[in-house]
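**Student:** Give me a model of this one.
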Amino acid sequence: MIDINNRKFKTLFFWTLVAMFFATSSFLILYSFGYTFSAERGVFVYAGSLTIKSNPQDIDVEIDNTSVTKKLSRINNSFHVNRIRPDEYVVRVTAPDYNTWSKKVTIRSGISTEFWNVLLTRKNYDRTAYEAKSANDFFIAPTKNLIATVRRENGQLSMDILDTEKNTIRTVFSTTEYEFTDDEQENIEWSPQSEKIIIPLKKGSDKTYFIIELENQSALDLQELAETSKVSSVRWDSEDKDVVYYMSKRDLYRLDTKKPEEKKVIAKQISSYDISGKFVYYFQLPNGIVFQTNLDGTMRPLQITTSAPSEMEDDSYRIIVYDKEKIAMKNGSDRLFIFNKGEKDEYFGKLLDDAKGVQFSNDGKKLLFWNNREIYAYFTRDWETQPYRSENEVLSVTRYSQPLDNIQWSDDYEHVIFSVNSQIKISELDQRDNNNIFDIVSLSQSGSKVVSNFSEDRIYFTDTVEGAASTLQSINFPEETGLLGF
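**Tutor:** Numbering: from 1, shown residues only. Next comes the predicted model:
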């Protein structure tokens, strides 16, 4: 029997408690500084963490099939999981009625592995159908929740204006003499304040353009205003609702529809032009140099590029301009080039031999481009949040054996919306482990047009309803989120 009053026992018991105190306090101190114990290695290792910002916000996070406690940061509206032992894990993000996002993730010592654009799609979306029945094509206004639709019925071509808030529609132009353009580079052009539209039409092989004022439904024949039958590539001025630009043969003109007699030549002998902000850019022939001038052409032209594209085998180049430092060029053979005056160097080279389209992100740091079966992203600047990307880097987003269509940025510019067959899909750019690709909507027909309208958080598309004629429909996408997560 142990004598607890024994002096030796008391001394031993005291030092045992002291040892336990120091061992426990050391463990707590190491834990408070972010260390965790590795039973496999028998040592303390500096833990890592996981940060997730998601849409929707109400999510569950699992690491290796175990639900974890997460802390919401109200500052950047993200979830943070602390003290994860460095290793490789499978992370799953789930929410009721949504598809599951998952990735194999490497947690590193002392580093937060971050996912700032986790997007979950619903398994089913409620559709809104509009009065725009038999719509063959549509073009969304920059303001006012208006959509111009193209309809062909009983030998008559009609242009209708749909108010998506009121779900009302009215015809503003109709004709039996013309067809709507089949030129993929031309669309119905909305004026800056969405008060007028330019309609591109054709009669045989001849192009013609009508300017429609929506309030009184008056129509102006641009050829008559310009006093020439050779008109193409018509665009609105970026600020003035009465001013248009057009090309006639190889020359670029500026025309005030209120004062057509004062039309002005902006540039001569050019292949194409684009308008960005307060400037006009044009591709000068025959040397293939891009120049910049102001909207009214009074500024002395500023030379932007110093050489032509490296394979300038024809003079049919079309330019797509973000600003004077970032310009894409695509010729008639579908060869795509990028001029990028970066922060580290200046780049001017070919991106693709068979490009079908391009689209800059809103900040100009990314260029989306594609052919019939592949989608790519080009980075004009370093991307300094995870996943990191480098200036002048090209990323392969996805590829399919079937033809792709309706390729466009989503509103976060970290996802790409596209359609294949009768499925509307979305792919993330994040290539860590794998890029998640989700179905958004299944259509009853292939070949439907799909457009994401960021200002409304909606995707618009044409589809049939119960076997009837094609009609314009939409879904709410992406999910609306409150300020700071509330």
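
**Student:** Count the residues that sit near the nearest residue to E239 once chain neighbours are set aside.
**Tutor:** Nearest non-adjacent residue to E239, counting by C-beta to C-beta, 6 or more residues apart in numbering: P192, 6.2 Å away. Using the backbone N, CA and C atoms, a C-beta is placed for each residue, glycine as well. Per other C-beta atoms under 10 Å, the neighbour tally for P192 reads 15.

**Student:** got the contact list for the strand or helix carrying I52?
**Tutor:** Using DSSP states H and E, I52 falls within strand 48-55. Applying C-beta atoms under 8 Å, 6 or more residues apart in numbering, the external contacts of strand 48-55 come out as 59, 61, 63, 70, 76-86, 91, 93, 101, 105, 107-120, 478-479, 481.

**Student:** So among those residues, which ones count as buried?
**Tutor:** 59, 61, 63, 70, 77-81, 84-86, 91, 93, 101, 105, 107, 113-120, 478-479 (16 or more other C-beta atoms under 10 Å).

**Student:** Mark which of these are part of strands, please.
**Tutor:** With strands taken from DSSP state E, the overlap with those comprises 61, 63, 78-81, 84, 91, 93, 101, 105, 107, 113-119.

**Student:** Dihedrals phi and psi, S316?
**Tutor:** Note on S316: backbone dihedrals following degrees, to the nearest 10 are phi -100, psi 30.

**Student:** Please name the nearest non-neighbouring residue to it.
**Tutor:** For S316, the spatially nearest residue (C-beta to C-beta, 6+ apart) is G332, at 3.5 Å.

**Student:** can you tell me which helix or strand the residue nearest to D126 when sequence neighbours are not counted belongs to?
**Tutor:** Excluding the flanking residues, the one nearest D126 by C-beta to C-beta, 6+ apart is I475, at 6.9 Å. Element membership for I475 (DSSP H and E) is strand 470-476.

**Student:** List the strands paired with that strand, with their directions.
**Tutor:** Take DSSP bridges as the rule and strand 470-476 pairs in its sheet with strand 128-133 (antiparallel), strand 458-464 (antiparallel).

**Student:** Could you identify which of the ones you listed is most buried?
**Tutor:** Highest mean neighbour count of those: strand 458-464, a mean of 20 (counted as mean count of other C-beta atoms under 10 Å).

**Student:** Restrict it to CA atoms and write it as PDB.
**Tutor:** Coordinates of each C-alpha in strand 458-464 appear next as PDB, following Å, rounded to 0.1, in the frame of the first residue of the first chain:
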ATOM      1  CA  ARG A 458     -29.800  35.700 -66.000                       C
ATOM      2  CA  ILE A 459     -29.000  33.400 -68.900                       C
ATOM      3  CA  TYR A 460     -31.300  33.900 -71.900                       C
ATOM      4  CA  PHE A 461     -31.800  31.200 -74.600                       C
ATOM      5  CA  THR A 462     -34.300  30.100 -77.200                       C
ATOM      6  CA  ASP A 463     -36.100  26.700 -76.800                       C
ATOM      7  CA  THR A 464     -39.400  25.100 -77.700                       C
END
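
**Student:** Could I get the average pLDDT for that strand?
**Tutor:** Average pLDDT, strand 458-464: 94.

**Student:** and the chain, what are its domains?
**Tutor:** 7-33, 43-119 (automatic domain parsing).

**Student:** per-stretch mean pLDDT over those, give me the minimum one.
**Tutor:** The bottom spot among the domains of the chain, by mean pLDDT, belongs to domain 7-33, with a mean of 55.

**Student:** helices and strands of this structure: which one has the lowest mean pLDDT?
**Tutor:** In the chain, the helix or strand scored least confidently by mean pLDDT, DSSP states H and E is strand 35-38, which has a mean of 48.

**Student:** Partner strands of the strand holding I52 and their direction?
**Tutor:** With DSSP bridges as the test, strand 48-55 is paired with strand 78-84 (antiparallel), strand 112-119 (parallel).

**Student:** re the thing from before, in this structure the residue nearest to E239 contacts R235, no?
**Tutor:** No. Here P192 lies out of contact with R235, judged by C-beta atoms under 8 Å, at a distance of 11.1 Å.

**Student:** Got phi/psi on the closest residue in space to A355 that isn't next to it in sequence?
**Tutor:** Closest residue in space to A355, ignoring its immediate chain neighbours: L336 at 3.6 Å, by C-beta to C-beta, 6+ apart. The phi/psi pair for L336 (degrees, to the nearest 10) reads phi -110, psi 130.

**Student:** who's L336 bridged to?
**Tutor:** K330, L352.

**Student:** same question, T471
**Tutor:** Bridge pairing for T471 - DSSP bridges - gives K133, D463.

**Student:** mind checking how far it is from S444?
**Tutor:** In this view, T471 and S444 are 11 Å apart by C-beta to C-beta, to the nearest Å.

**Student:** Kindly point out which residues are neighbours of both of these two.
**Tutor:** Shared contacts of T471 and S444, counting by C-beta under 8 Å, 6+ apart, come down to D463, T464.

**Student:** for the chain, which spans come out with low pLDDT?
**Tutor:** By pLDDT under 70, the low-scoring segments of the chain are 1-46, 74-75, 467, 482-486.

**Student:** So which residue is dead centre in it?
**Tutor:** Nearest to the mean C-alpha position of the chain, by C-alpha atoms, centre = their mean, lies W409 at 1.8 Å.

**Student:** ok, now which ones touch that one?
**Tutor:** The contact partners of W409, by C-beta under 8 Å, 6+ apart, come to Q359, S361, L368, H415, V416, I417, S452.

**Student:** hmm, try it at 10 Å
**Tutor:** 359-362, 366, 368, 377, 415-417, 429, 452, 454 (C-beta atoms under 10 Å, 6 or more residues apart in numbering).

**Student:** same thing with D137?
**Tutor:** Neighbouring residues of D137 by C-beta under 10 Å, 6+ apart: 148-152, 159, 180-181, 187-188, 449, 462, 472.

**Student:** Equivalent analysis for D97, please.
**Tutor:** P56, L120, R122, K123, N124.

**Student:** And the second one, how close does it get to I275?
**Tutor:** By that I understand L120. 38 Å.

**Student:** can you check the first one too?
**Tutor:** Counting by C-beta to C-beta, the gap between P56 and I275 amounts to 38 Å.

**Student:** Now E224, what are its backbone angles?
**Tutor:** Torsion angles, degrees, to the nearest 10, at E224: phi -70, psi -40.

**Student:** count of neighbours near it?
**Tutor:** 11.

**Student:** Does the residue nearest to A355 touch L368 like I think?
**Tutor:** No. L336 is beyond contact range of L368, at 11.5 Å (criterion: C-beta atoms under 10 Å).

**Student:** Identify the contacts common to these two.
**Tutor:** With C-beta under 10 Å, 6+ apart as the test, L336 and L368 both reach G357, V358, Y376, Y378.

**Student:** can you put those residues in JSON lines and add neighbour count and secondary structure?
**Tutor:** Shown next, in JSON lines, are the shared contacts of L336 and L368 (neighbours: other C-beta atoms under 10 Å; DSSP: H, G, I helix; E, B strand; the rest coil):
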{"residue": "G357", "neighbour count": "18", "secondary structure": "strand"}
{"residue": "V358", "neighbour count": "21", "secondary structure": "strand"}
{"residue": "Y376", "neighbour count": "21", "secondary structure": "strand"}
{"residue": "Y378", "neighbour count": "25", "secondary structure": "strand"}
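
**Student:** sorry, back to before: quickly list what's touching both of P192 and R235.
**Tutor:** Shared contacts of P192 and R235, counting by C-beta under 10 Å, 6+ apart, come down to V243.
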